[in-house]
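Engineer: only geometry, no sequence info:
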């Protein structure tokens, strides 16, 4: 959203880096660091954790808002029926157990007893039913409705039981229920979810409740005494809205915020070179939730030829991209799943960098440099294409490295970076592109029907590269019907293998999520489990002697 | 005079309609709508749900029909509701049936931007007028050269760079000023004096930086105006009849030298509500610049149109005010000797 701006602020932060390094030697903010930060402290409740985000949420009903800023806050306020544990396996959050019927079509959720909303009213299966009705209601335009529209029948036989029946078995169902935040029926019944003031003044059931939302400045959350999952350690969460990354980093340096996500330069260059920062900030690295890829428009020649796609895959040096763009803080992947999780096929290896093989494959596909201009040609036409990407620094830099490697083997590449909304409407939706550099999320559920199934190619759908492979179609359909995790795993391992062989996209890299947290915050798991450091944030604590003194309740 | 004002005001109506039509068309020429933002690019979000959203906001209708709907709403001064911000009203607050007040986006952003820009303009004028006068009086002297040098340094330094530098020096190295935001987190616990102090310290950097960078232009204007005037016969006359230099400069010369400045100030009125995206982003100020920039990127049409309409209305109003002030300041215009 703020791409043009971020490219500007990036250059600003580079200036800043130079400045900081040259201005080295001054010590700042001794007040907060006078205590020994590395001493062990017992766990105790209390304190305030301050963070920052770049954009303000539009509202806190995340099924309506849809953006990450909204769910970042609302996930502290609302519960879901299921959740992912630290190893990214499903477990109950509001439910104590769930059963899947033998025909795999009905899921019965058994809620924990004695659940309460923050206002003291009981939380029952009626609320779950209400939330399902709200998200599938014809008047609601929720971006995430499609998963829930597959539910044919939802019932509440008693206040602690909620059953949903699908027309046919639907394996991603459990994942979808882990994403749907349950809303209170008694406060929202009869209201229009798109306009209700509840979105800015929500009542939930999770660890925290919203105290105050100062428009454009901050959101203050405090511990919810009626929390259904017990009590979190930290009293108050404050999220400040600071759009500029450099300003956020200055605030972190000045000890005005406790943690922020970092880019590779800050993580591996700036903080390690400043003893004062190193002394008070702990750095964490965890596998991120997305990957960058280069995708071919398979409807355009010559990308319909698998040899050409594989040749380009061999010709790109992925390690060079990881080292150059991410300063080494990323990994190579060979399947669209998070490495180390159940769905990622450990037998697959990424295409190595092998220009000789690339040249040979292109020759087999009929390309040769007949006119001696250094560019391959076929049927009198030179092999040239344009890579388009949105205005995202990492993607642009990756494209530049690709351009250079493809020039080595005789392909002429141009690069164009386009503002997001134009990029989507003018190029992606119309299919008017040769090659894109973009990113996809590494979803926790393996179902990627919407991205790879051949039926998903209409304008606005997500198989915009036009991938069509009957074997993959069949595997994706099978995977949706299979609720047994082990059988499902085999299906997706095979899917990833075929995908890698077909090479409709080139996996470029999966970057690490990098975070700096002030050392006053204790109880953080290091190294991070697959779910990331945030998985136990309710147990994080700030020992009394290390708390800020100026901010009290 | 009154007739003149009424005529000018009535003329603004067709002008505004024309401006709004052109803005509306240009905005819709840009590809994409609210459903093509980055968070909508999620495989879990179906095209049907995006279509539903488009229908909800009438985005599936032809542009000219959408303009008609917008104009119809505008006829009752209803600026509509934002697409992107949970349908917050664009301009002014609304109250729902349960008595919950939802503030308007412009209502929240405008006072902040206005305050910063007015303070900035006041500081710029307070500095620029004396500096311009000194530079003109000591024309080609060392004072003049020093002022010119200072102004051009201020003019050439990129504002964002100076901002980050000062934020680092005044906020991080020395804990003298807050780095970003409008209020401290514990603002509510302060007494009145504490609140004022807190607000002023937060406003210091965002106000002072554009003032420094904007100083050059106005100083030069004052200086040149002053130089022109100082060579006029009536100044010589004033001096010849033995008036003291102070009176010559500040009563006789300055008043005439400031005439062109009125035009500049009149033209800067729409700028007062504009706000700067870059400054507001760096200092985390929820003002008009950021609001507009985000609305354009999100294709949040009601907000874009709301700001453009208010902006063009203010531009027209600013022009009118400048003309009226000219008439007030220059008797020749007032009496119709010279058309203003």
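Structural biologist: Yep, it's here. Keep in mind that what you see is a predicted model, and the values were worked out from it rather than measured.

Engineer: residues contacting the residue nearest the centre of chain A?
Structural biologist: When Cα atoms, centre = their mean is applied to chain A, the residue found nearest the centroid is residue A:289 (4.3 Å). The contact partners of residue A:289, taken as Cβ atoms under 8 Å, 6 or more residues apart in numbering or on different chains, are A:338, A:441, A:442, A:513. C-beta coordinates here come from the backbone N, C-alpha and C atoms, glycine included.

Engineer: right, and the pair among those with maximum separation?
Structural biologist: The two members of these with the most space between them (Cβ to Cβ) are A:441 and A:513, at 12.5 Å.

Engineer: Show me which residues of the stretch 1-150 of chain B are close to chain A?
Structural biologist: B:30-33, B:36-53, B:56, B:81, B:84-87, B:96, B:98, B:100, B:102-103, B:108-109 (Cβ under 8 Å from any Cβ of the partner chain).

Engineer: Just the ones in helices from these, please.
Structural biologist: Within the residues of the stretch 1-150 of chain B next to chain A, residues falling in helices by DSSP state H are B:47, B:48, B:49, B:50, B:51, B:52, B:53, B:56, B:108, B:109.

Engineer: tally of neighbours for the last one?
Structural biologist: In terms of burial, residue B:109 registers 25 neighbours under the definition other Cβ atoms under 10 Å in any protein chain shown.

Engineer: Could you do the first one as well?
Structural biologist: For residue B:47, the count of nearby residues is 17 (other Cβ under 10 Å).

Engineer: ok, and the closest non-adjacent residue to it?
Structural biologist: Counting by Cβ to Cβ, 6 or more residues apart in numbering or on different chains, residue B:47 lies nearest to residue A:460, which is 3.9 Å off, once chain neighbours are set aside.

Engineer: residues contacting the one you found?
Structural biologist: A:429, B:47, B:50, B:51.

Engineer: Check whether the first one really touches residue A:459, as I assumed.
Structural biologist: What it means is residue A:429. Yes: applying Cβ atoms under 8 Å as the test, residue A:429 and residue A:459 come out as touching, 4.8 Å apart.

Engineer: Which of these two has more residues huddled nearby?
Structural biologist: Comparing residue A:429 with residue A:459 by neighbour count (other Cβ under 10 Å), the higher total belongs to residue A:429, at 18 against 11.

Engineer: For the more buried one, give me the pLDDT.
Structural biologist: At residue A:429, the model reports a pLDDT of 87.

Engineer: before we move on, what about the one 3 residues further on?
Structural biologist: pLDDT recorded at residue A:432 is 90.

Engineer: Could you do the one 4 residues further on as well?
Structural biologist: Residue-level confidence at residue A:436 comes out at 94, pLDDT.

Engineer: can you tell me how far it sits from residue B:299?
Structural biologist: Plainly put, residue A:436 is 21 Å away from residue B:299 if you go by Cβ to Cβ, to the nearest Å.

Engineer: you'd agree residue A:545 is up against residue A:42?
Structural biologist: No: contact criterion Cβ under 8 Å: residue A:545 and residue A:42 do not qualify, at 11.1 Å.

Engineer: who's more crowded, these two?
Structural biologist: Per other Cβ under 10 Å, whichever of residue A:545 and residue A:42 has more neighbours is residue A:545, with 11 against 8.

Engineer: Flag every buried residue along the strand or helix carrying residue B:10.
Structural biologist: Assessed by DSSP states H and E, residue B:10 sits inside helix B:2-29. Residues of helix B:2-29 classed as buried by neighbour count (16 or more other Cβ atoms under 10 Å in any protein chain shown): B:12, B:19, B:20, B:23, B:24, B:27, B:28.

Engineer: how about the nearest residue to residue 302, chain neighbours excluded?
Structural biologist: You didn't pick a chain, so chain A it is. Nearest one to residue A:302, counting by Cβ to Cβ, 6+ apart, is residue A:308 at 4.7 Å.

Engineer: Actually, chain B is the one I wanted.
Structural biologist: residue B:80 (4.0 Å).

Engineer: which residues does the residue nearest to residue A:302 contact?
Structural biologist: Per Cβ under 8 Å, 6+ apart, neighbours of residue A:308: A:302, A:361, A:362, A:365, A:367.

Engineer: And the helices in the stretch 151-300 of chain B, which stretches?
Structural biologist: Counting by DSSP state H, counting those that start in this stretch, the stretch 151-300 of chain B has helices at residues B:159-166, B:192-230, B:233-240, B:245-247, B:254-257, B:259-274, B:277-282, B:288-298.

Engineer: which stretch in those has the least confidence?
Structural biologist: Least confident of the helices of the stretch 151-300 of chain B, judged by mean pLDDT, is helix B:259-274 with a mean of 75.

Engineer: Next, the contact list for residue A:331, please.
Structural biologist: If you count contacts by Cβ under 8 Å, 6+ apart, then residue A:331 has A:287, A:322, A:339, A:509, A:510, A:512 around it.

Engineer: rewinding a little: check the contact between the residue nearest to residue B:302 and residue B:70; I expect there is one.
Structural biologist: Yes: counting by Cβ under 8 Å, residue B:80 touches residue B:70, with 7.2 Å between them.

Engineer: These two - which one has more neighbours?
Structural biologist: Taking neighbours as other Cβ under 10 Å, residue B:80 and residue B:70 compare with residue B:70 leading, 22 against 19.

Engineer: what about the more buried one, which helix or strand?
Structural biologist: With DSSP H and E as the criterion, residue B:70 is inside helix B:63-75.

Engineer: same thing with residue A:286?
Structural biologist: Residue A:286 belongs to strand A:281-287, assigned by DSSP H and E.

Engineer: And the pLDDT at the residue of the stretch 201-340 of chain B found nearest chain A?
Structural biologist: Nearest to chain A, among the residues of the stretch 201-340 of chain B, is residue B:286, at 2.3 Å (Cβ to the nearest Cβ). Per-residue confidence (pLDDT) for residue B:286: 88.

Engineer: Which residue is the nearest non-sequential neighbour of it?
Structural biologist: residue A:216 (2.3 Å).

Engineer: just residue B:51 next, same as before
Structural biologist: residue B:60 (7.6 Å).

Engineer: Quick check, the one you found in contact with residue B:54.
Structural biologist: Yes: if you go by Cβ under 8 Å, residue B:60 and residue B:54 touch, sitting 4.9 Å apart.

Engineer: contacting residues for the residue nearest the centre of chain B?
Structural biologist: What sits nearest the mean C-alpha location of chain B, by Cα atoms, centre = their mean, is residue B:272, with 2.0 Å. Residues near residue B:272 by Cβ under 8 Å, 6+ apart: B:113, B:114, B:117, B:118, B:121, B:314.

Engineer: from those, which two are the most distant?
Structural biologist: Across the contacts of residue B:272 (Cβ to Cβ), the longest gap, 14.4 Å, separates B:121 and B:314.

Engineer: More neighbours: which of these two?
Structural biologist: Per other Cβ under 10 Å, whichever of residue B:121 and residue B:314 has more neighbours is residue B:121, with 21 against 17.

Engineer: dump the residue contacts of the more buried one.
Structural biologist: B:265, B:268, B:272.

Engineer: Over to residue A:441?
Structural biologist: A:289, A:290, B:42, B:43.

Engineer: what bridges to it?
Structural biologist: residue A:290 (DSSP bridges).

Engineer: Could you tell me the per-residue confidence at it?
Structural biologist: Value for residue A:441, per-residue pLDDT: 85.

Engineer: what's the answer for residue B:41, then?
Structural biologist: Value for residue B:41, per-residue pLDDT: 78.
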